[in-house]
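Trainee: give me the fold of what follows.
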Amino acid sequence: MNKKKFIHIYRDYSKYAIYGGLQMKKVTAFIGNQQKHATFEAVCEFGNNLKAYGDIEFEYVFLKDYRLEYCRGCKICFNKGEEYCPLKDDRDVLMEKMIHSDGVIFATPNYAFHVSAPMKNLLDRLAFVFHRPRFFGKTFTAIVNQGIFGGNKIEKYLSNMGENFGFQVTKGCVLTTLEPRTEVAQKKMTREIKKASERFYKDLMSPKTPVPSFFRLMLFRMSRTSIKTMLDDHSRDYRYYKEQGWFESGYYYPVSLGPIKRTAGLIFDFIGKRMAKNS
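Mentor: Numbers count the residues shown, from 1 in each chain. The predicted model follows:
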């Protein structure tokens, strides 16, 4: 973003905040590594930038400090509901933090070309949210710390997970933090964090309901058609879609699809019915 343009936006938001037009925003960063080194330092810098831009409450959540057992693959959360999960740990505590946040950050180092084990475990334990997304209207981004390469695929993966959860996803940042860190590398990292925090702050302060891509529209329409055709009130997915009014809606939330995507939605419904009948 152009620096002058961002300053103008920032001043406008500050002006609204002074006169009560904006309330404090809550941002929670979920940090997936064991040590308070490069990844934590990046999140701290990101958070300090946000607090400099406006009235932000920023919370650091270290996944290592929470008891989160490994998913057993029993599918009870899919079929009956997440409240019936046999694992009684801190999963719901972590999910409540997301629910009560306006913005969410997933931060992880690159371990073996993927997210860290605690971060992957969190995603596995929240897999039912892929079936029943719920974080619409909340802003999401990812911070990935890498040694040499591979971080871009991880950032893309986390962004995809954020969209599957229902978040409004802002492009994250991938930081190369080889040790010892040179002054040039540190300045580059600071620039990347600043750009990412500006993007995130802009979306955080002006949440919107984006028009879905054809891919996202296809996922919704074919999924809801299959659920409506193949399942009934015994299924938690069916009851959730029914409660949300998704069996009758054009998408997860009210949005103008336009004639082309409305037509595409009808085609996806038809394909979903055919697939359900043939399965």
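Trainee: buried sites along the helix ranked longest in the chain?
Mentor: Assignment by DSSP state H gives helix 183-205 as the longest helix of the chain. In terms of neighbour count (16 or more other C-beta atoms under 10 Å), helix 183-205 has its buried residues at 189, 192-194, 196-205. Placement of C-beta: from N, CA and C, glycine included.
Trainee: direction included, what does the strand or helix carrying Leu175 pair up with?
Mentor: Per DSSP states H and E: Leu175 is located in strand 173-176. Partners of strand 173-176 in the sheet, by DSSP bridges, are strand 139-146 (parallel).
Trainee: dump the partner strand to PDB, restricted to CA.
Mentor: C-alpha atoms of strand 139-146 as PDB (Å, rounded to 0.1, in the frame of the first residue of the first chain):
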ATOM      1  CA  THR A 139     -10.100 -11.000   9.800                       C
ATOM      2  CA  PHE A 140      -7.400 -13.600   9.500                       C
ATOM      3  CA  THR A 141      -3.700 -13.600   8.500                       C
ATOM      4  CA  ALA A 142      -0.700 -15.900   8.800                       C
ATOM      5  CA  ILE A 143       2.900 -15.200   9.900                       C
ATOM      6  CA  VAL A 144       5.400 -17.800   8.800                       C
ATOM      7  CA  ASN A 145       9.100 -17.900   9.800                       C
ATOM      8  CA  GLN A 146      11.500 -19.900   7.600                       C
END
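Trainee: use 5 as the first number for this chain going forward.
Mentor: Noted, 5 is the first residue going forward, which turns the last one into strand 143-150.
Trainee: beyond it, next helix or strand please.
Mentor: Taking DSSP H and E, what comes next after strand 143-150 is helix 155-169.
Trainee: so where do the strands sit in the stretch 5-154 of the chain?
Mentor: 29-35, 60-66, 107-113, 143-150 (DSSP state E, counting those that start in this stretch).
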